[in-house]
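Chemist: Structure here, sequence nowhere to be found:
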Ligand code: SF4
């Protein structure tokens, strides 16, 4: 069971709430817009316009901004990219954030390619949890999907998570019709062996998904039908959560999740916002523009002023991008390639997925 808006407000006393009663609780921090894969649901183009390096926030600036957010009630911080492990010395940032006692959940989302060589260092630096992406168990399909021959490294990365002592590890799989929709059960079995919970994600029409079309979306209903045929009765997990995935239990007790952002948006319980690597703050994955926190930080604004500004902006938030997209009659690619080249902040890989 998800929180409704009333219970959201009740469990977050003192935390700024937006126009729909959603508290400011989760922050996704992108540390780089670069990626070492070219997944065709996210970065299918040959060339991209990258953020200028001198504009990227330093680790000190990221820590300072995160402190402002946690002083307002943010408890869950997730490091993202692009691929966050492409940012040099990432464990150092983890160590700085782990020293913040207000962070209850410090997590990382990675494509896994560089995770094995960093797992122990990240764990020792204080990272709590990791989510790794894996869209297929077949190396040739991985190559076709990502444009890179890195499948074995990703599998090594997933194995390294439990070896390094991480628990509650998740595997994220974007499911696309006719591409990898025949691997759901295999991925669940793989996740069970790897001691990780698999979450299937509907293909989303976000910025950067320039190959998206509705007929490529393998829906939650289709996933449940397919898995029901294989495993028998599937029962939704009864739980209170504002997490994007709805969780289900198979007859043998295995739990998996589905993130059905495209067909069943969860905007009404969305407590997350996003900070880009160059310090723009986005209130929604679909937002057209962000708030320039880097400029305020580098202008020397006091922490209290930043906090006040962030709280007042959050209190005006009414974003529900996925819901509005779902209500669109003729749904197609969200942002054209020309627009993306003019404003790379519209890319999902820039705003942290
Ligand atoms: S579309 Fe926007 S408001 Fe809706 S769940 Fe995603 S980030 Fe939250």
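Modeler: Ah, there it is. Remember, predicted model here, so these are calculated numbers, not experimental data. Residues are numbered from 1 along each chain as shown.

Chemist: For the stretch 101-250 of the chain, just list every one of the strands.
Modeler: Counting by DSSP state E, counting those that start in this stretch, the segments of the stretch 101-250 of the chain that form strands are 105-110, 129-133, 169-175, 196-202, 235-236, 246-249.

Chemist: and the ligand, which of these is closest to it?
Modeler: Closest to the ligand of the strands of the stretch 101-250 of the chain, according to C-beta to the nearest ligand atom: strand 196-202, at 12.1 Å. Bear in mind the C-beta positions are built from the backbone N, C-alpha and C, glycine included.

Chemist: Paired strands for the closest one, with orientation please.
Modeler: Taking DSSP bridges as the criterion, strand 196-202 pairs within the sheet with strand 169-175 (parallel), strand 255-259 (parallel).

Chemist: ok, the last one near the ligand or not?
Modeler: No. Contact check for strand 255-259 against the ligand, using C-beta under 6 Å from any ligand atom: none in range, with a minimum separation of 9.7 Å.

Chemist: related to what we said a few turns ago, a markdown table for the strands paired with strand 196-202, including mean neighbour count and mean pLDDT?
Modeler: Output for the strands paired with strand 196-202, formatted as a markdown table (neighbours: other C-beta atoms under 10 Å; pLDDT from 0 to 100):
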| stretch | mean neighbour count | mean pLDDT |
| --- | --- | --- |
| strand 169-175 | 23 | 98 |
| strand 255-259 | 21 | 97 |
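
Chemist: export those to JSON lines and tack on distance to residue 141?
Modeler: What follows is those, written out as JSON lines (distance: least, C-beta to C-beta, whole Å):
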{"stretch": "strand 169-175", "distance to residue 141": "12"}
{"stretch": "strand 255-259", "distance to residue 141": "20"}
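
Chemist: got the strands of the stretch 101-250 of the chain as CSV, with distance to the ligand columns?
Modeler: Shown next, in CSV, are these (distance: least, C-beta to the nearest ligand atom, whole Å):
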stretch, distance to the ligand
strand 105-110, 15
strand 129-133, 16
strand 169-175, 15
strand 196-202, 12
strand 235-236, 19
strand 246-249, 13
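
Chemist: Please tabulate those in CSV, including the columns distance to residue 286.
Modeler: Converted to CSV, the strands of the stretch 101-250 of the chain look like this (distance: least, C-beta to C-beta, whole Å):
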stretch, distance to residue 286
strand 105-110, 19
strand 129-133, 21
strand 169-175, 17
strand 196-202, 15
strand 235-236, 27
strand 246-249, 20
